[in-house]
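> Kindly return the folded structure for what I paste below:
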Amino acid sequence: MNAAAKSTPAPASAPMTRLGIMMFLEFFVWGAWAVPMGKYLATVFSADRSKPAVDMIIGQAYGTSSIAAIIAPLFVGLIADRFLPGQIVLGVLHLLGAALLYAVSQATDPVSFYWLLLASGLCYMPTLALVNSVSFDQLSEPQKQFPLVRVWGTIGWIAAGITVGSLLPRLMAGGLPAGIDSLLLGDAAGTDAGKTNLPFLVAAASSVILGLYCFTLPNSPPKGKGEPVSMAKLLGLDAVGLMKSPAFGIFAAASFLICIPLAVYYSKANEYISAMNIQEMLGLGSETVMTFGQMSEIGFMLLMPLFLARYGVKTMLLGGMLAWVARYVLFAFGADSAWMLLAAVLLHGICYDFFFVTGQLYTDHVAPKSLRASAQGLIALLTYGAGMYVGNVVFPLVAGGLATTDEYPWKPFWLTFAVAAAVVMVGFAVAFRDPLKLGKQEIT
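Sure, this is the predicted structure:
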């Protein structure tokens, strides 16, 4: 009887629960520091530097994630897929990342901050692919079960924003323990946690917990052991031949170009709505308000199959681009309007789901089976890598060129990137043609 009991497979909910916890912590770590970092850097380095110089520091800091995203496939392909079990690699990377995030929290000059943040990104970015790989190994029906696991990552990001934007300020108002208070940098006298290094400390502590937790996960053996190494395949470059198709080439170019204005949202939106006193308008911290974008992302994700079947791929992609334009217009004219700022954040669900998720589906459809993984890697390289990096390099130059007074040129700044997104949208609408079918829908 005992032997029979031991041979009974674990309920499907068991691995899903454990993987859901992993996903929750994975994105909690990232969300804890990524959203408030721009505001923190503006607080720490603005005292003795001009605004253009501070913008350059912020852009370079956010650009580290893009650089790490480009390098991450090499790490996963060369090491994680060939030598060590996935859960072990995850645990080691998160523990190393925790130490580096703590070091980032104590950096007092931009050069040290940049290199330490880049090092932490090189530890973190490979884990985004690894948590997916580990999940697929443990799920019996990945296509049905994985979305239910992945959604906990979005919930983790939301929880991180609420922690930084609402819970930590209350703790700070009541007084932090001396041991923690002594580690704080930035506007420690106030109660805006996003202006201090406290989010990095929270991320570091969470990364330790996640690192230790990963060692307890079921085994996920390396899958590429003994296989030949191809740098082109690891970077997705063997899918470049797909760009000979005019439709896919236009889609790839548009994906790269639209991510240039997208980078500005991640780098400057939280700082902007904080500067517009969103706390006084809504009684919520800016980081909490930013989580509304992820909440809308969940809602629109659930509606994606319905919209895709009704409107088709091209319309969905254009809808995502139009949402980018509308979001920046709302920012430009909504400085004193809580509903306009909130609406701009809520548009994130359309911006992300309609463009990125639809684009991933389109890529999977047009790429031959042997090149699907490489094609997805190529699009990720063009968007999260190259496009976002260029955006973070460009926006300080744009802001510096628009500045005519000591005040930040917020309105022309947002309008400039709204126009940039609109140009990409119009060009894509005119140029993109594809007679292929996706399900019952024509991609036109």
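> who's in contact with stretch 20-31?
Residues from elsewhere that reach stretch 20-31 (Cβ atoms under 8 Å, 6 or more residues apart in numbering): 94, 97, 124, 127-128, 131, 134-135, 148-150, 152-161, 203, 206-207, 209-210, 213-214, 217. No exception for glycine: its C-beta is placed from N, CA and C like everyone else's.
> Now intersect the residues you listed with the helices, please.
Among those, the residues falling in helices (DSSP state H) are 94, 97, 124, 127-128, 131, 134-135, 148-150, 152-161, 203, 206-207, 209-210, 213-214.
> And these, which of them are buried?
Among these, those buried by neighbour count (16 or more other Cβ atoms under 10 Å) are 94, 97, 124, 127-128, 131, 134-135, 149-150, 152-161, 203, 206-207, 210, 213-214.
> Could you check stretch 366-385 and say which residues are buried?
Going by neighbour count (16+ other Cβ under 10 Å), the buried part of stretch 366-385 is 366-367, 371, 373-385.
> just curious, which of these is nearest to Gln279?
Nearest to Gln279 among the buried residues of stretch 366-385 is Tyr384, at 30.5 Å by Cβ to Cβ.
> Just give the closest residue to the closest one, not the sequence neighbours.
Ala69 (4.7 Å; Cβ to Cβ, 6 or more residues apart in numbering).
> what's the answer for Val149, then?
With Cβ to Cβ, 6+ apart as the criterion, Val149 has its nearest non-adjacent residue at 4.7 Å, and that residue is Leu19.
> Show the contacting residues for that neighbour.
Each residue near Leu19 by Cβ under 8 Å, 6+ apart is listed here: 134-135, 138-139, 149, 217.
> how about the strands of this protein, start to end?
Taking DSSP state E as the criterion, the chain carries its strands at 437-438, 441-442.
> Next, Asn277: phi, psi?
Phi and psi for Asn277, reported as degrees, to the nearest 10, are phi 60, psi 50.
> do you know how far Gln138 is from Phe215?
15 Å (Cβ to Cβ, to the nearest Å).
> out of those two, which sits in the busier spot?
Counted by other Cβ atoms under 10 Å, Gln138 and Phe215 do not tie: Gln138 has more neighbours, with 22 against 13.
> Quick one: low-confidence residue ranges for the stretch 201-350 of the chain.
Applying pLDDT under 70 to the stretch 201-350 of the chain flags residues 223-239.
> Counting neighbours, what do you get for Lys144?
Count around Lys144 with other Cβ under 10 Å applied: 10.
> sorry, that was for Glu297
Glu297: 24 surrounding residues under other Cβ under 10 Å.
> now swap in Arg170 and tell me
Arg170 has 11 neighbouring residues, counting by other Cβ under 10 Å.
> Excluding residues flanking it in the chain, which one is nearest it?
Using Cβ to Cβ, 6+ apart, the closest residue to Arg170 is Thr191 (7.8 Å).
> so what are the domain limits for the chain?
Domain ranges of the chain: 10-221, 231-444, per automatic domain parsing.
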